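In: Make a model of this:
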Amino acid sequence: MRLLLLIAAFVAVCAAVPISEEVHSDWSLFKTKHSKQYDTEEEENARFLIFIENRNKIFEHNKKYEEGLVTYKMGLNHLGD
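Out: Modelled structure (predicted):
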């Protein structure tokens with residue numbers, strides 16, 4: 001059931017906001033760098049949605065870092081999906 005909700009959320013996000021080529025490129029690089037493979041398309045779609053959320057959080061945080069509002073920078077690691 002949870003997987004269905006994630007898939008529904010993924011579809012809604014994709015329909016509402018076009019995902020840039022940069023995000024798709026980052027996703028491909030992430031999967032290659034961390035040797036990520038998923039058993040089903042549904043699982044990959046759910047993981048992609050999680051990746052987008054984490055990527056956005058990291059970008060927003062790092063903007064604050066550049067503005068001097070926080071003292072550390074964040075990065076995406078193997079747990080980003």
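In: Now Leu79. Its backbone dihedrals?
Out: The phi/psi pair for Leu79 (degrees, to the nearest 10) reads phi -100, psi 10.
In: how near is the residue lying farthest from the centre of the chain to Glu60?
Out: Farthest-out residue of the chain from its mean C-alpha position, per C-alpha atoms, centre = their mean: Gly68, at 24.7 Å. Using C-beta to C-beta, to the nearest Å, Gly68 is found at 15 Å from Glu60. Bear in mind the C-beta positions are built from the backbone N, C-alpha and C, glycine included.
In: And stretch 21-38, what's buried?
Out: Asp26, Trp27, Phe30, Lys31 (16 or more other C-beta atoms under 10 Å).
In: export those residues to CSV and tack on pLDDT, secondary structure and distance to Ile19?
Out: Formatted as CSV, these follow (pLDDT from 0 to 100; DSSP: H, G, I helix; E, B strand; the rest coil; distance: C-beta to C-beta, whole Å):
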residue, pLDDT, secondary structure, distance to Ile19
Asp26, 96, helix, 10
Trp27, 97, helix, 9
Phe30, 97, helix, 14
Lys31, 98, helix, 15
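In: what's the closest of those residues to Gly80?
Out: Phe30 (6.2 Å; C-beta to C-beta).
In: Surely the closest one is in contact with Gly75?
Out: No: with contact defined as C-beta atoms under 8 Å, Phe30 does not reach Gly75; the gap is 11.5 Å.
In: Helix, strand, or coil at the residue farthest from the centre of the chain?
Out: Secondary structure for Gly68, judged by DSSP: H, G, I helix; E, B strand; the rest coil, is coil.
In: repeat for Arg47
Out: Following three-state DSSP, Arg47 is assigned to helix.
In: so who does it touch?
Out: Lys36, Tyr38, Asp81 (C-beta atoms under 8 Å, 6 or more residues apart in numbering).
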